[in-house]
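> Need coordinates for the following:
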Amino acid sequence: MNLVSGPGRHRIPAGHPGQDGLGCSRGVLRHAVSQFPVPGVLMHVLVAGCGWLGTAVAARLLARGDRVTGIRTDPGRAGELRALGIEPLALDLADPGAADRIPPGVEAILALQAARGGAESAYRRAYLQANATLLRAARRGGLKALVYSGSTGVFAQRDGSDVDEATPPAPEPGTSAVLAEAERRLLDAAGERIPVRIVRLSGLYGPGRTGLIGRVRSGAMALGPGDGAWMNFCHLDDAAAAVIAAMDRGRDGAVYHASDAQPMRRREVVQFVAARLGIPPPAGAPWSGPDRRILGTATRAELGLELRWPSLGEGLEPFLP
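Now for the predicted structure:
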């Protein structure tokens with residue numbers, strides 16, 4: 001289980017603040033806009049899944065002059081996007097006929113949608129059916145990029161090995177296998193000259209999403225058997241930058257990794273956070289789960305990315321005593 005972002009995926013459950021329907025606050029958007037001022041409209045970008053990550057990405061696109069349409073499934077929250085400068089589209093991408101409602105003239109699609117819960121059926125709806133809708137829209141032509149925010153959850157290795165962009169997925173049965181199947185279908189579409197790029201995200205954290213700190217404080221994340229496993233993280237700022245870089249400069253059919261430069265062992269995370277909280281590192285029950293180091297060196301080199309937050313310690317600094 002990914003203790004920052006949920007089981008095997010970089011998302012948070014539907015209904016959680018920041019997920020599909022709530023998104024980022026106006027303050028977060030204003031902060032992003034002030035960081036990335038570029039005049040002039042560049043592209044019409046469809047952000048499919050305008051939740052915590054999607055709204056942060058949209059903020060950066062708006063700031064540089066792109067036109068952004070954002071999809072949320074809840075019509076009642078569409079007005080929130082409009083107030084942020086995002087053109088709202090209330091749409092369930094898994095519904096029949098959804099592709100017909102995607103506006104013409106979209107030049108890039110960012111597939112950032114999330115599953116509603118951890119059931120395998122929810123994953124299939126979000127990452128197979130919804131992506132099929134986006135591919136149907138892409139086949140209309142005129143698209144410069146379709147970027148899918150995949151997950152390092154396609155790697156279920158438990159041997160502490162290094163995995164990079166060229167490592168074949170090794171999923172477990174269930175939701176991990178669905179994520180791998182979603183990638184396969186998209187990469188097959190790249191062979192049809194659809195400009196697909198995949199950005200696999202490690203465990204996301206950032207403003208409004210620092211649950212790891214509370215887990216250590218409560219003892220839910222603790223020292224014990226299995227605490228030597230590698231954990232992999234990516235700050236919201238760096239995830240948004242990677243998605244946009246893949247859209248702007250990525251290769252069709254490429255797979256990229258958005259993950260920080262310093263993976264940490266589980267025990268190191270517990271000890272670091274506990275020390276900053278001024279509490280003894282909690283001890284708990286044995287933990288079992290994936291154990292692998294996610295490498296993104298090739299991604300950063302190809303896309304010209306410089307991490308704003310190269311390590312979890314640096315990224316959590318603003319949120320710790």
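
> Across the sheet, point out what pairs with Arg67.
His44 (DSSP bridges).

> Leu93 versus that one, what's the distance?
20 Å (C-beta to C-beta, to the nearest Å). The C-beta positions use only the backbone N, C-alpha and C, and glycine is treated the same way.

> And for Met231?
31 Å.

> Please identify which of these two sits among more neighbours.
The neighbour comparison of Met231 against Leu93 (other C-beta atoms under 10 Å) goes to Met231, with 27 against 23.

> partners of that one in the sheet?
Met264.

> so it touches Arg266, yeah?
Yes - using C-beta atoms under 8 Å, Met231 makes contact with Arg266 at a distance of 5.5 Å.

> tell me the pLDDT at the closest residue to Arg124 other than its chain neighbours?
Spatial nearest neighbour of Arg124, excluding adjacent residues (C-beta to C-beta, 6 or more residues apart in numbering): Val178 at 5.6 Å. At Val178, the pLDDT value in this model is 98.

> who are the neighbours of the helix or strand in which Val178 is found, in terms of helices and strands?
Using DSSP states H and E, Val178 falls within helix 175-190. The elements that helix 175-190 packs onto, with contact taken as 3 or more C-beta pairs under 8 Å, 6 or more residues apart in numbering; DSSP states H and E, are helix 120-123, helix 130-138, strand 145-151, strand 196-201.

> 6 Å - rerun?
helix 120-123, strand 145-151, strand 196-201 (3 or more C-beta pairs under 6 Å, 6 or more residues apart in numbering; DSSP states H and E).

> how about these in a markdown table, adding mean neighbour count?
Listed next are the helices and strands packed on helix 175-190 as a markdown table, based on neighbours: other C-beta atoms under 10 Å:
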| stretch | mean neighbour count |
| --- | --- |
| helix 120-123 | 17 |
| strand 145-151 | 26 |
| strand 196-201 | 27 |
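
> Now render the ones you listed as JSON lines, adding distance to Leu112.
Below are the helices and strands packed on helix 175-190 laid out as JSON lines (distance: least, C-beta to C-beta, whole Å):
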{"stretch": "helix 120-123", "distance to Leu112": "15"}
{"stretch": "strand 145-151", "distance to Leu112": "5"}
{"stretch": "strand 196-201", "distance to Leu112": "10"}
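
> Out of those, flag the one nearest Leu295.
For Leu295, the closest of the helices and strands packed on helix 175-190 is strand 196-201, at 11.1 Å, according to C-beta to C-beta.

> Which residues outside the closest one are in contact with it?
10, 146-152, 183, 186, 189-190, 234, 239, 242-243, 246, 250, 254-258 (C-beta atoms under 6 Å, 6 or more residues apart in numbering).

> Then stretch 288-304?
So stretch 288-304 is contacted by 1, 152, 155-158, 160-165, 202, 226, 229-230, 232, 245, 249, 256-257, 259, 263 (C-beta under 6 Å, 6+ apart).

> what about 8 Å?
1, 152-153, 155-166, 200, 202, 226, 228-230, 232, 242, 245-246, 249-251, 254, 256-261, 263, 305-307 (C-beta atoms under 8 Å, 6 or more residues apart in numbering).

> Kindly export it (C-alpha atoms) in CSV.
Provided in CSV are the C-alpha atoms of stretch 288-304 (Å, rounded to 0.1, in the frame of the first residue of the first chain):
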residue,chain,number,x,y,z
SER,A,288,4.3,-6.4,3.5
GLY,A,289,4.1,-4.7,0.2
PRO,A,290,6.2,-3.6,-2.9
ASP,A,291,9.9,-3.1,-2.3
ARG,A,292,11.6,-1.4,-5.3
ARG,A,293,13.4,1.8,-6.1
ILE,A,294,11.8,3.9,-8.8
LEU,A,295,14.4,5.6,-11.0
GLY,A,296,13.6,8.7,-13.1
THR,A,297,17.0,9.8,-14.2
ALA,A,298,16.3,9.2,-17.9
THR,A,299,13.0,11.1,-17.7
ARG,A,300,14.6,14.1,-16.2
ALA,A,301,17.4,14.1,-18.7
GLU,A,302,15.2,13.7,-21.7
LEU,A,303,12.5,16.2,-20.7
GLY,A,304,15.0,18.7,-19.2
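
> how far out from the middle of the chain is it?
Distance of stretch 288-304 from its chain centroid, counting by C-alpha atoms, centre = their mean, to the nearest Å, is 14 Å.

> One more: stretch 80-96?
Chain-centre distance of stretch 80-96: 18 Å, with C-alpha atoms, centre = their mean.

> do stretch 112-119 as well
Counting by C-alpha atoms, centre = their mean, stretch 112-119 comes out at 12 Å from the chain centroid.

> Buried ones in it, by neighbour count?
Within stretch 112-119, the residues scored as buried using 16 or more other C-beta atoms under 10 Å are 112-116, 118.

> Looking at the residues you listed, which one is closest to Leu42?
Nearest member of the buried residues of stretch 112-119 to Leu42, counting by C-beta to C-beta, is Leu112, at 18.6 Å.

> Verify the contact between the closest one and Gly51 for me.
Yes - between Leu112 and Gly51 there is a contact under C-beta under 8 Å: 7.3 Å.
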